[in-house]
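J.: Provided below are the primary sequence and the corresponding predicted coordinates.
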Amino acid sequence: MVTKTKTKTVQNVNQAACQELKKAIGAEKVRDDEITLVTHGRINHGFDPSMPFHMPSMVVFPETREDVVETLKIANKYKISVNPVGIAQMAIPTAEGDIILDQRHRDKIIEINTDSGYAVLEPGVSHDKLTSTLRGTGFKCEVGTMTGSATVLAGGLTGGSKSFSNRHLSSILDLEVVLPDVTIFNTGSSMFPGVGPHVRARPYADLAGLFTGSNGTLGVITRFAVRLHPVNEVSRVHVAGFSNFSDAVDYVKDLVNHNIPEHCIIWNWHMYHTWPLDSEGMKTVMPEILKMDIRKPPEGTPYSMVTSFLSGYEEQVEFYEKMCVKIALKCHGRAYPREEVEKRWPQTMAGLKQQYEDYSYREGTHWARGRWSGFVVFAEPKDIKEVEKLAVKEFAELGPRARPINNYAHPFDYGRTFLFRYAGFPETDDVETRMKIGKKTMELCALALKKYRAVPIRGMGESEGEKAYLDVLGRIKKALDPNNILNRAAGAGLYKGGR
């Protein structure tokens with residue numbers, strides 16, 4: 001009886017908050033119909049069936065910063081949790097009755113600055129929109145393996161799949177943030193009237209990282225600035241192949257240490273054979289090659305393919321290509337002439353050219369099976385080699401139902417650390433295999449950290465050092481959000497030592 005009474009009280013509070021919010025910002029921006037609530041009830045990449053379903057109380061689609069402010073005011077009044085989400089970064093825990101703050105309608109490109117090299121954007125701007133707008137400006141933005149519909153902010157917050165991370169740890173320069181008490185402030189140089197966001201942190205502490213890594217628990221990002229990069233006279237993708245991952249890492253290290261590529265990515269052979277498949281092809285006609293054990297590529301198939309993004313004047317790029325050939329041989333690999341790549345892997349090369357030479361996106365229909373992008377870690381170069389061996393062995397033992405098993409790795413900050421990502425692709429409705437992959441992911445994260453000093457992309461809260469860090473973060477959370485209204489479900493794990 002007590003539980004039923006409490007549930008009824010919560011429902012009444014949520015309904016009152018919903019009606020007040022509709023009056024404050026407009027009923028068309030606040031949705032509580034069944035279809036909207038159900039589609040936002042499993043906020044996870046791919047709407048994975050193994051993840052729990054939690055029905056929100058309402059979904060708010062703000063169109064201005066003031067709409068965000070009003071939402072937080074009313075959430076504070078009724079003490080309802082607000083969960084900010086973004087396209088392609090919807091992997092944050094939710095709780096029953098949350099307010100989902102979906103900023104997809106806030107998609108204005110506010111400024112393209114070609115003098116300093118930055119873009120000021122609203123949170124809903126997609127990679128498609130930004131890359132299209134940049135055409136003809138002489139500048140380009142970071143792009144990654146996500147689809148064109150993914151938001152630039154979501155990609156920037158994850159800090160993973162990006163084409164310039166070799167030279168920059170983060171693409172984000174400046175944030176405009178609304179705190180839980182509706183204080184509005186900027187983290188970078190645009191805090192000064194009339195000044196653009198060309199400096200991430202001066203003259204004060206770098207607070208941008210506090211909000212990019214807190215899963216929406218400390219503030220709502222309402223505007224941000226990202227780095228832009230010049231489009232040089234020539235941009236080319238160079239391809240080299242290696243019989244093992246370790247040699248590929250040595251090759252990439254040598255290239256980046258000599259400041260040759262803008263960026264490099266190491267792809268395993270399952271992954272670069274998956275690229276040509278359209279959604280129907282992957283779903284109905286899975287090629288036999290992708291059912292094979294990842295440890296045993298067919299004869300003549302390089303185990304690892306390295307794509308290097310070369311840019312500069314024509315003479316520079318020609319010299320870089322010669323150096324790639326020399327260094328590939330030094331690292332026991334082979335550089336592939338462009339003509340051979342286009343003949344052997346035509347669609348793979350077409351995709352690479354489109355994303356990294358033309359800097360545009362294909363339609364986002366690539367993955368048709370149930371992608372599980374579970375195992376993601378950062379490690380030093382010598383350690384990432386051991387992590388790859390461990391992951392390949394463990395994931396291969398999951399059997400054919402988890403295949404294809406795709407992985408890639410790429411350097412951050414001139415190769416000081418490498419990101420390594422492993423993803424299994426079971427059938428969409430194969431929940432059993434997906435759960436096995438999830439369990440294996442957690443086991444591998446713990447083991448890779450313990451044995452090979454590999455840092456997980458998402459915290460586990462188990463080490464003493466991590467607990468101390470989270471304790472400090474928790475104190476900041478308590479000071480900024482005394483009513484605990486921002487992403488309560490994520491915060492419950494994040495600030496209490498684990499998830």
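T.: Sure thing, it's come through.

J.: what's around residue 39, how many residues?
T.: Neighbours of residue 39 under the rule other Cβ atoms under 10 Å: 12. Yep, even glycine has a C-beta here, placed from its N, CA and C like the rest.

J.: how close does it get to residue 33?
T.: 10 Å (Cβ to Cβ, to the nearest Å).

J.: Give the next helix or strand downstream of the helix or strand of the chain with the lowest mean pLDDT.
T.: In the chain, the helix or strand scored least confidently by mean pLDDT, DSSP states H and E is helix 279-284, which has a mean of 48. Counting by DSSP states H and E, the element after helix 279-284 in chain order, helix or strand, is strand 304-312.

J.: could you give the angle of the next helix-or-strand element following that following strand to strand 304-312?
T.: Next along the chain after strand 304-312, taking DSSP H and E as the criterion, comes helix 314-330. Interaxial angle, helix 314-330 versus strand 304-312 (axes from the mean of the first three to the mean of the last three Cα atoms, to 10 degrees): 160 degrees.

J.: Show me where this protein dips below the pLDDT cut-off.
T.: Along the chain, the parts satisfying pLDDT under 70 run over 1-10, 42-52, 86-94, 145-146, 159-164, 276-286, 359-374, 460-461, 493-499.

J.: Tell me the span between the first and last residue of stretch 394-409.
T.: Start-to-end span of stretch 394-409 (Cα to Cα, to the nearest Å) is 17 Å.

J.: tell me how far the ends of stretch 301-315 are from each other?
T.: Stretch 301-315: ends 31 Å apart by Cα to Cα.

J.: er, stretch 113-130 I mean
T.: OK, stretch 113-130 end separation, Cα to Cα: 13 Å.

J.: Give me the distance between residue 253 and residue 134.
T.: 31 Å.

J.: Could you do residue 127 as well?
T.: Counting by Cβ to Cβ, the gap from residue 127 to residue 134 is 10 Å.

J.: before we move on, what about residue 226?
T.: The spacing between residue 226 and residue 134, counted by Cβ to Cβ, is 11 Å.

J.: just to revisit the earlier point, what's the overlap in contacts for residue 127 and residue 134?
T.: Each of residue 141 lies in contact with both residue 127 and residue 134 under the rule Cβ atoms under 8 Å, 6 or more residues apart in numbering.

J.: okay, these two: which has more neighbours?
T.: residue 127 (27 against 21).

J.: Torsion angles phi and psi at the nearest residue to that one once chain neighbours are set aside?
T.: Distance criterion Cβ to Cβ, 6 or more residues apart in numbering; nearest residue to residue 127, sequence neighbours excluded, is residue 148 at 5.1 Å. Phi and psi for residue 148, reported as degrees, to the nearest 10, are phi -60, psi -20.

J.: my read: residue 148 touches residue 128, true?
T.: Yes: the pair residue 148 / residue 128 is scored as a contact, 3.6 Å apart, by Cβ atoms under 8 Å.

J.: Nearest residue to the middle of the chain?
T.: Using Cα atoms, centre = their mean, the residue of the chain that lies closest to the mean C-alpha position is residue 158, 3.7 Å off.

J.: Just the C-alpha atoms of stretch 172-190, please, in PDB.
T.: C-alpha atoms of stretch 172-190 as PDB (Å, rounded to 0.1, in the frame of the first residue of the first chain):
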ATOM      1  CA  ILE A 172      36.300  20.800 -27.900                       C
ATOM      2  CA  LEU A 173      37.600  24.300 -27.200                       C
ATOM      3  CA  ASP A 174      34.900  26.000 -25.200                       C
ATOM      4  CA  LEU A 175      31.500  25.200 -23.600                       C
ATOM      5  CA  GLU A 176      28.500  27.300 -22.600                       C
ATOM      6  CA  VAL A 177      27.000  25.400 -19.700                       C
ATOM      7  CA  VAL A 178      23.700  25.900 -17.700                       C
ATOM      8  CA  LEU A 179      24.300  24.700 -14.200                       C
ATOM      9  CA  PRO A 180      21.500  23.000 -12.100                       C
ATOM     10  CA  ASP A 181      20.800  26.300 -10.400                       C
ATOM     11  CA  VAL A 182      20.400  27.900 -13.900                       C
ATOM     12  CA  THR A 183      23.700  29.800 -13.600                       C
ATOM     13  CA  ILE A 184      25.100  30.200 -17.200                       C
ATOM     14  CA  PHE A 185      28.800  30.400 -17.800                       C
ATOM     15  CA  ASN A 186      31.500  29.700 -20.400                       C
ATOM     16  CA  THR A 187      34.500  27.600 -19.800                       C
ATOM     17  CA  GLY A 188      37.000  29.200 -22.200                       C
ATOM     18  CA  SER A 189      38.000  32.600 -23.600                       C
ATOM     19  CA  SER A 190      34.500  33.500 -24.700                       C
END
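
J.: Return every residue with contacts to both of residue 226 and residue 134.
T.: 119, 141.

J.: burial measure for residue 131, as a count.
T.: Around residue 131 there are 19 other residues, counting by other Cβ under 10 Å.

J.: Which helix or strand contains it?
T.: helix 127-134.

J.: bridging residues for the closest residue to residue 216 other than its chain neighbours?
T.: Nearest residue to residue 216 in three dimensions, chain neighbours excluded: residue 84, at 4.1 Å (Cβ to Cβ, 6+ apart). Judged by DSSP bridges, the bridge partners of residue 84 are residue 101.

J.: one step back: what's the overlap in contacts for residue 39 and residue 33?
T.: Contacts common to residue 39 and residue 33, judged by Cβ under 8 Å, 6+ apart, are absent.
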